[in-house]
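1. would you be able to build a 3D model of this:
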Amino acid sequence: MASRKIPSKKSAKPRARARKKTQPERLSAGAWFERLVALQKRLRAPDGCPWDRQQTHSTLRTYLIEEAYEVLDALESGDDAKFAQEMGDLLLQVVFHSEIASEDRRFTVADVIREVHEKMVRRHPHVFGEKRVKDASEVLKNWEQLKAKERESEREKTQHNSAKRLEPPSLLDGITTALPATLQGFQLTRKAARIGFDWNNVSGIFDKINEETTEIQHALQAKDQVEIENELGDLLFATVNLARFLAIDPEIALKKANAKFTRRFRKMEELARDSGRELTDVPRPDMEALWDAAKSAELRSTSAKAKHAR
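-> Below you'll find the model as predicted:
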């Protein structure tokens, strides 16, 4: 084996300086944020990027959702560098929307930051005021009460400036219908639970799931497609309620189940090709065998990784 030449102290110093130049500048979070805002402003300038200049709040909606999900994927991966990068992409969406609004003199990114800062102070009177709380559940209950008061105040302002009579306020106000259905259901049941409208224990939810399953079977026997859809919706809502009761985000749980199915299905395709066939040519009973084989292979791999980690 050839010996590795150890650099002398003289030759080591320039290398150390070269490495230092490639490291990110050590600026404060505020300084980096101002740079990001200035960069986005430059991209939107007349002589900036054509793509950035074409974007509107509407065209950016998809990217905002995508970036949020990519942050979740990065979080699950355990890769901190990727996690930080994806959160940066999500932050860019906030800056991008704020810049577009600023161009129309509607609000600026400073307004965005001020609003959330004031809101967090206002909704934590047990930290920044004299109110006292016993535990986290009381914090959440107070949070909902404060939000309700804020919504009522906004409602009164809107009513004052509108000739139309507004609907009475509800504790469910503020949950947008633009959310994915599982996340919307999660938030609806969570808000209801915070004021005590909840199951006493998990067995009650399982009873409800069994009840909804039976009702779907009855709708199937009646061949009533509308009722089948209604009952299936009730079953899905009950399972979302179960997830919320167990402190599990149903959207994330379903994402993981989707990923697991994808892995195992691809393994089925691989096993089929190893036997000289495409999965589309495999008889249905043999597909079940391939699925079981793919599942077993994944479980063995997971077990081996766990042993190695120990």
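2. could you pull out the helices in the stretch 51-200 of the chain for me?
-> Applying DSSP state H, counting those that start in this stretch to the stretch 51-200 of the chain gives helices spanning 61-77, 80-103, 109-122, 125-128, 136-160, 181-194.
3. mean neighbour count and distance to Gly174 for those helices - can I get that in a markdown table?
-> To be clear about C-beta, it is placed using only N, CA and C from the backbone, and glycine gets the same treatment. As requested, the helices of the stretch 51-200 of the chain are exported to a markdown table (neighbours: other CB atoms under 10 Å; distance: least, CB to CB, whole Å):
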| stretch | mean neighbour count | distance to Gly174 |
| --- | --- | --- |
| helix 61-77 | 14 | 18 |
| helix 80-103 | 16 | 19 |
| helix 109-122 | 13 | 13 |
| helix 125-128 | 12 | 19 |
| helix 136-160 | 13 | 6 |
| helix 181-194 | 18 | 8 |
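4. would you turn these into TSV with distance to Lys305 and mean pLDDT?
-> Formatted as TSV, those follow (distance: least, CB to CB, whole Å; pLDDT from 0 to 100):
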stretch	distance to Lys305	mean pLDDT
helix 61-77	15	88
helix 80-103	19	97
helix 109-122	40	95
helix 125-128	42	90
helix 136-160	34	77
helix 181-194	29	90
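5. redo these as CSV? Include distance to Met268.
-> Output for the helices of the stretch 51-200 of the chain, formatted as CSV (distance: least, CB to CB, whole Å):
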stretch, distance to Met268
helix 61-77, 23
helix 80-103, 29
helix 109-122, 47
helix 125-128, 53
helix 136-160, 44
helix 181-194, 27
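6. looking at the ones you listed, which is nearest to Arg264?
-> helix 61-77 (17.8 Å; CB to CB).
7. and the closest one, what does it pack onto?
-> Using 3 or more CB pairs under 8 Å, 6 or more residues apart in numbering; DSSP states H and E, the elements in contact with helix 61-77 are helix 80-103, helix 250-274.
8. now these in TSV, with distance to Gln184?
-> Output for these, formatted as TSV (distance: least, CB to CB, whole Å):
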stretch	distance to Gln184
helix 80-103	21
helix 250-274	10
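9. ok, which of those helices comes nearest Asp111?
-> helix 80-103 (7.9 Å).
10. re earlier: for Lys255, which of the helices of the stretch 51-200 of the chain is the nearest?
-> Comparing the helices of the stretch 51-200 of the chain by CB to CB, helix 61-77 comes nearest, at 7.4 Å.
11. so who does Leu235 touch?
-> 209, 212-213, 216 (CB atoms under 8 Å, 6 or more residues apart in numbering).
12. from those residues, list the buried ones, please.
-> Among the contacts of Leu235, the ones that count as buried by 16 or more other CB atoms under 10 Å are 209, 212, 216.
13. looking at those, which is nearest Leu242?
-> Ile209 (6.8 Å).
14. my read: that closest one touches Leu242, true?
-> Yes: in this structure Ile209 lies within contact range of Leu242 using CB atoms under 8 Å: 6.8 Å.
15. between the helices of the stretch 51-200 of the chain, which one is closest to Ala38.
-> helix 80-103 (10.0 Å).
16. against which helices or strands is that closest one packed?
-> Counting by 3+ CB pairs under 8 Å, 6+ apart, helix 80-103 packs on helix 29-43, helix 61-77, helix 109-122.
17. that one: how far from the chain's middle?
-> When distances are taken as CA atoms, centre = their mean, to the nearest Å, helix 80-103 is centred 15 Å away from the chain's centroid.
18. among the helices of the stretch 51-200 of the chain, which is nearest Cys49?
-> Among the helices of the stretch 51-200 of the chain, helix 80-103 comes nearest to Cys49, with 11.5 Å by CB to CB.
19. so what angle separates the directions of that closest one and helix 61-77?
-> 160 degrees (axes from the mean of the first three to the mean of the last three CA atoms, to 10 degrees).
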